[in-house]
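[1] Okay, predicted coordinates and the sequence, questions at the end:
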Amino acid sequence: MNGFLIALIVIVVLLLVVGIWLVGQYNSLVSSRNRYRNAFAQIDVQLKRRHDLIPNLVETAKGYMKHERETLEAVIQARNAAESARGGATPESAEAVNKLGAAEGGLGSVLGRLFALSEAYPELRSNENMLQLQEELTSTENKVGFSRQAYNDAVTVYNTKTETFPTTIIANLFNFRPAVLFEVSGPEERERVDVKF
């Protein structure tokens, strides 16, 4: 009976160790998932700020660029498309993240055209309101870039955990699905948008 008791204690201790390990791995996956969700929320905050600045930028430019109505309307349409894509995006939806990336790429492209056209209007380049908007937009563009990088770093850590053994067993058991990286969707988004007047 003494041997039976020792075997029982060993089995209970092993089950306890395995249970603690499983809980630790599960908690690690949850923590990683929460990090990438928070990072995605930070992108969302910066994109909202960017989208809020654009109508002010267009209104300021409108007074000087009366003959560039097409470009100004294109900026507003691209901003609205990006805002719409932002509203439905979640990091768990590859389609939504790709749609958001494409919409933001289109917005960046049309903003680049606006900034290029503004070079022809010296009064606009020296407008105090425009200079302030330029500074805020530049700052926001940098924050969007940093937020994307933080998000992609968090997604990479999470995806690595869900794909490596033995954590992949727990990830599959508890339905942890891979997250989607926020990638550049097209060649126009790879081009740098210079904000200068």
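    Structure received.
[2] Check what contacts the strand or helix carrying Thr71 and list those residues.
    Element membership of Thr71, judged by DSSP states H and E, is helix 69-88. The contact list for helix 69-88, computed with Cβ atoms under 8 Å, 6 or more residues apart in numbering, reads 44, 47-48, 51, 54-55, 57-58, 61-62, 65, 96, 99-100, 102-104, 106-107, 109-111, 113-114, 117. To be clear about C-beta, it is placed using only N, CA and C from the backbone, and glycine gets the same treatment.
[3] Against which helices or strands is the strand or helix carrying Thr160 packed?
    Using DSSP H and E, Thr160 sits within helix 128-163. If you count contacts as 3 or more Cβ pairs under 8 Å, 6 or more residues apart in numbering; DSSP states H and E, helix 128-163 packs onto helix 2-62, helix 167-173.
[4] got the buried residues for that helix?
    Buried residues in helix 128-163, defined by neighbour count with 16 or more other Cβ atoms under 10 Å: 130, 133-134, 136-137, 140-141, 143-144, 147-148, 150-152, 154-155, 157-159, 161-162.
[5] Can I get the helix holding Thr71 in PDB, CA atoms only?
    In PDB, the C-alpha atoms belonging to helix 69-88 read as follows (Å, rounded to 0.1, in the frame of the first residue of the first chain):
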ATOM      1  CA  ARG A  69     -11.800  71.200 -57.000                       C
ATOM      2  CA  GLU A  70     -11.300  67.700 -58.400                       C
ATOM      3  CA  THR A  71      -8.300  67.100 -56.200                       C
ATOM      4  CA  LEU A  72     -10.000  68.500 -53.100                       C
ATOM      5  CA  GLU A  73     -13.100  66.300 -53.800                       C
ATOM      6  CA  ALA A  74     -10.800  63.200 -54.300                       C
ATOM      7  CA  VAL A  75      -9.200  63.900 -50.900                       C
ATOM      8  CA  ILE A  76     -12.600  64.000 -49.200                       C
ATOM      9  CA  GLN A  77     -13.800  60.900 -51.000                       C
ATOM     10  CA  ALA A  78     -10.600  59.000 -50.000                       C
ATOM     11  CA  ARG A  79     -10.900  60.200 -46.400                       C
ATOM     12  CA  ASN A  80     -14.500  59.000 -46.300                       C
ATOM     13  CA  ALA A  81     -13.600  55.600 -47.800                       C
ATOM     14  CA  ALA A  82     -10.700  55.300 -45.200                       C
ATOM     15  CA  GLU A  83     -13.000  56.300 -42.400                       C
ATOM     16  CA  SER A  84     -15.600  53.700 -43.500                       C
ATOM     17  CA  ALA A  85     -12.900  51.000 -43.700                       C
ATOM     18  CA  ARG A  86     -11.600  51.900 -40.300                       C
ATOM     19  CA  GLY A  87     -15.000  51.600 -38.700                       C
ATOM     20  CA  GLY A  88     -15.400  47.900 -39.700                       C
END
